[in-house]
Structure formats: structure tokens, C-alpha cells
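>>> Attaching a predicted model along with its sequence, questions to come.
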Amino acid sequence: MKSENTPFTGGPLDGRVLPVLLGPTGHPPKWYEVPVPDDGGGPPTVHAYERVPAGYGKRLGLIKGWKYEYRPEGRPRRTLRWPWSKPQPPGPASRPEE
């Protein structure tokens with residue numbers, strides 16, 4: 001498989017350039033997660049990095065490459081949204097009190 005040297009910014013990998021495997025489309029994954037083992041034998045801490053454009057070309061504005069930025073809040077949760085599903089009702093915190 002092909003790999004690409006990709007820079008990391010922020011977090012424990014700040015300033016490092018690591019080879020990241022490319023997918024079938026030739027792009028690195030949208031999220032890169034780094035598990036760090038716990039010294040006490042507990043569950044590992046997972047650091048999340050999101051893929052962002054490293055820069056844009058002047059002439060056509062195409063993306064020159066990718067880099068990963070640290071996201072301390074982690075990877076956002078996604079829910080499947082099917083076209084035939086009803087929208088989720090607002091939670092109790094968003095309802096106005098009567």
C-alpha cells in the first residue's frame with residue numbers, strides 16, 4: 001500500500017512527520033487516533049487528530065496536501081440519518097420552561 005509523510009500539529013505528536021497509509025482514493029483517513037497505554041494498567045488514552053488541508057495552490061486553489069490537527073475533545077459522535085427517519089425531538093435542556 002502507498003503511504004504519505006504527513007505532519008501533525010498540536011497534542012503529543014506536535015511537530016512530528018509520520019508515514020500514514022493512504023486509502024483507495026489516495027487520501028489519508030479523516031481521523032487518526034493514537035492510543036497511549038496507561039501506566040497503571042487501565043484503559044489506554046486515545047488522542048484524536050483530524051485531517052485538514054495543509055495549504056492551497058495559487059492558480060486553481062487545489063489542496064496541496066494534508067496535515068493532522070489535534071482535537072482534545074476527541075472524535076465527534078455520528079448518528080445515522082436515514083431519509084425516512086423522523087427528526088430527533090429537542091432534548092429537555094433546549095425546551096423553554098412553561
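Great, that's in hand. Residues are numbered from 1 along each chain as shown.

>>> Quick check: bridge partners of Thr6?
Residues in a beta bridge with Thr6, per DSSP bridges, are Leu18.

>>> How much space separates it from Tyr68?
According to C-beta to C-beta, to the nearest Å, Thr6 stands 6 Å off from Tyr68. All C-beta spots, glycine's among them, are computed from the backbone N, C-alpha and C.

>>> hey, what's in contact with both of those two?
Taking C-beta atoms under 8 Å, 6 or more residues apart in numbering as the contact rule, Thr6 and Tyr68 both touch 20, 28.

>>> So for this protein, the centremost residue is which one?
Centroid-nearest residue in the chain, with C-alpha atoms, centre = their mean: Glu50, separated by 2.6 Å.

>>> Can you verify my assumption that it contacts Lys30?
Yes. The pair Glu50 / Lys30 is scored as a contact, 6.9 Å apart, by C-beta atoms under 8 Å.

>>> quick revisit: tell me the secondary structure at the residue nearest to the centre of the chain.
strand (DSSP: H, G, I helix; E, B strand; the rest coil).

>>> Provide a list of residues in contact with the residue nearest to it when sequence neighbours are not counted.
Using C-beta to C-beta, 6 or more residues apart in numbering and skipping the chain neighbours, the partner closest in space to Glu50 is Arg71 (5.2 Å). Residues in contact with Arg71 (C-beta under 8 Å, 6+ apart) are 48-50.
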